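>>> need coordinates for the below:
(one chain, ligands or ions: 1)
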Amino acid sequence: MNINSTGSKEKTENLVIIGSGPAGYTAAIYAARANLEPLLITGFQKGGIPGGQLMTTTFVENFPGFPNGVMGPELMDLIKDQALRWGTRLIEEDANSIELADRPFLIKTDSSSIKSHALIIATGARANRLNLPEEEKFWGHGISACAICDGATPQFRDETLGVVGGGDSACEEAVFLTKYGSHVNLFIRSESLKASAAMADRVKGNPQINLHWNTEVIGLKGDNWLTGLQVKCRKTDQEKSISLKGLFYAIGHTPNTDLFKGQLALNQNGYLITEPGRPETSIEGVYGAGDVADPEWRQGVTAAGSGCKAALAAERWLSKNNLSKLHIRSSKEPSPTQTTKKTEDSSELNYSPEKFWQKGSYALRKLYHESKKPLLVVYTSPNCGPCYVLKPQLKRVLDELEGKAYGIEIDIENDQEIAKQAGINGTPTIQLFANKSLKKQWTGVKQRSEFLEAIKNLLEFGE
Ligand SMILES: Cc1cc2nc3c(=O)[nH]c(=O)nc-3n(C[C@H](O)[C@H](O)[C@H](O)COP(=O)(O)OP(=O)(O)OC[C@H]3O[C@@H](n4cnc5c(N)ncnc54)[C@H](O)[C@@H]3O)c2cc1C
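Take a look at the predicted model:
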């Protein structure tokens, strides 16, 4: 094979991994342990959030090694720490473009142009949504895109549930959910199932499943949790209400492969095509791992397993072609990882104006009333994956400002009254105050530079 390298003098990476879900980080663990010093582009907003889909869920009960379950964001933090401990380097941005026609491959992010001999694509997939009004509010509060993952949740036990879709996945999910729910409604847009005949027969023959033909879900009801739906018959336009406690979307997934269209072989639904049971894609040195190359299984553990295969394959290929520059470690065993310490709730006892990051209403009141420095208040909740992503970013911003501004975390479940007064209706929400007045507000994960710039403007120009 001719590895047609351009011979540039700029540094060429051994291996770049794109994506920071279980597939990307597992690939990084293996590659880092093989002294390849991989560079991992975490993603930021394009195809989900850093940490991937598990950042958007609560308890993961089926990942081996956690007999009592583990919160999705916590699991991803642990896998990330493991990858970092062995020397993985991170770029916390999206990959904006990839050029695979020449070697080394070229990957561009907002801030860098990176050359790499090998590439692992682990950009995942996202569940398709109906995009109904209030869908976001009920996501994780009655609506899920993964019956296998969430079906056993206590809130669904012995309740009426619903599945949207008419293909094999929808039928499988409906049958699966009869184990937990008292009854399952299957909402099918047309007058037939697209599922295989055997699957369709299982659904039709199941007395716990009620089929709603030609039916479209048009509205969601509930307060903090989904309690019902408004549906419409597509033939007669007649509407009716249905009470249920859980709705599962089985209307397909969209793999994050836009960057590779026209460069790598993709199947008709846009998934990366790899060698059967293997990670190799249609270009040598490029490997696919996780949901992006897996239209069928799409689980945390299968993604992690395929990340492992991709890293081992990349390592062998680099070594066979004499392309790897191995990192020499100063000690055989890296020092144990520092697991992030939880910030304790502030009180009279532990409050200090010297700390740039504190938590809870006590510190908020003190700093709001007594300090003239800019105050960044981040409203979080325990199940909010994006909050896990955001907090270390904000801490880094405050670190860079060396004490010129404060950060306070408010857990809206613990400090409900404060969240109510502040008009918070989603997490993460970030408010920037100065001299007791609200200067700026953001919702969701934003680039670190936005916060830094806003605080610097306040410090410099008072606005
Ligand atoms: C709500 C929910 C609950 C789930 N619960 C479970 C469960 O309980 N157990 C289980 O095993 N599985 C569960 N799953 C499935 C599981 O999350 C996925 O199978 C798994 O996360 C796939 O891992 P992955 O690494 O392939 O991709 P993902 O987790 O999707 O990660 C993809 C990564 O790629 C990044 N990315 C995308 N585009 C770019 C780009 N252009 N540049 C850089 N980075 C990019 C994203 O930011 C993300 O970090 C659940 C899924 C959902 C949605």
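>>> break this protein down into its domains, please.
Following automatic domain parsing, one finds the domains of the chain at 12-126+253-320, 135-249, 357-461.
>>> quick check, distance from the second one to the centre of its chain.
Taking C-alpha atoms, centre = their mean, to the nearest Å, one finds domain 135-249 lying 24 Å from the centre of the chain it belongs to.
>>> for the longest one, same thing?
Here domain 12-126+253-320 shows a centroid-to-chain-centroid distance of 13 Å under the convention C-alpha atoms, centre = their mean.
>>> over to the last one?
For domain 357-461, the distance from its own C-alpha centre to the chain's C-alpha centre is 22 Å (C-alpha atoms, centre = their mean).
>>> what pLDDT does whichever residue of the stretch 201-350 of the chain sits closest to the ligand get?
Relative to the ligand, the nearest point of the stretch 201-350 of the chain is residue 290 (2.1 Å; C-beta to the nearest ligand atom). Heads up, the C-betas are built off the backbone N, CA and C, glycines and all. Reported pLDDT at residue 290 in the predicted model: 98.
>>> and if you look at residue 234?
Listed pLDDT for residue 234 reads 97.
>>> give the contact list for it.
Going by C-beta atoms under 8 Å, 6 or more residues apart in numbering, residue 234 touches 189, 214-216.
>>> try residue 272
For residue 272, the contact set (C-beta under 8 Å, 6+ apart) comprises 121, 255, 257, 260, 264-266, 281, 288, 292-293.
>>> go again using 7 Å as the cut-off
121, 257, 260, 264, 266, 281, 288, 292-293 (C-beta atoms under 7 Å, 6 or more residues apart in numbering).
>>> for the helix or strand bottoming out on mean pLDDT in the chain, C-alpha coordinates in CSV please.
Taking mean pLDDT, DSSP states H and E as the measure, the chain has helix 147-150 as its least confident helix or strand, at a mean of 79. Extracted in CSV, the C-alpha atoms of helix 147-150 (Å, rounded to 0.1, in the frame of the first residue of the first chain):
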residue,chain,number,x,y,z
ALA,A,147,-37.1,1.6,25.8
ILE,A,148,-34.3,-0.9,26.5
CYS,A,149,-32.5,1.8,28.5
ASP,A,150,-35.4,3.5,30.3
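>>> on that earlier part again, just the element for the closest residue to the residue of the stretch 201-350 of the chain closest to the ligand other than its chain neighbours, please.
Distances taken as C-beta to C-beta, 6 or more residues apart in numbering put residue 23 closest to residue 290, at 2.7 Å, once the chain neighbours are dropped. According to DSSP states H and E, residue 23 maps onto helix 22-33.
>>> what's stretch 173-180 in contact with?
By C-beta under 7 Å, 6+ apart, the surrounding residues in contact with stretch 173-180 are 147-148, 151-152, 156-157, 161, 163, 184, 186, 202-203, 206, 208-209, 248, 250.
>>> then stretch 197-206?
Under the criterion C-beta under 7 Å, 6+ apart, residues 168, 171-172, 174-175, 178, 186, 193, 209 lie in contact with stretch 197-206.
>>> swap in stretch 140-152?
For stretch 140-152, contacts defined as C-beta under 7 Å, 6+ apart pick out 57-58, 61, 127, 135, 173, 176-177, 180, 222, 224-226, 245-249, 383.
>>> now the residues you listed: which count as buried?
In these, burial by neighbour count holds for 57-58, 127, 173, 176-177, 180, 222, 226, 245-249, 383, counting by 16 or more other C-beta atoms under 10 Å.
>>> out of the residues you listed, which touch the ligand?
Contacts with the ligand are made by 57, 127 out of those, judged by C-beta under 6 Å from any ligand atom.
>>> return the subset of the buried ones among the contacts of stretch 140-152 lying in strands.
Here DSSP state E is the test, and those give 127, 222, 226, 246-249 as lying in strands.
>>> and the furthest pair within these?
127 and 222 (20.1 Å; C-beta to C-beta).
>>> ends of stretch 408-427, what's the gap?
End-to-end distance of stretch 408-427 (C-alpha to C-alpha, to the nearest Å): 14 Å.
>>> does residue 108 touch residue 96 like I think?
Yes. Contact criterion C-beta atoms under 7 Å: residue 108 and residue 96 qualify, at 5.2 Å.
>>> with neighbour numbers in mind, choose between those two.
residue 108 (15 against 12; other C-beta atoms under 10 Å).
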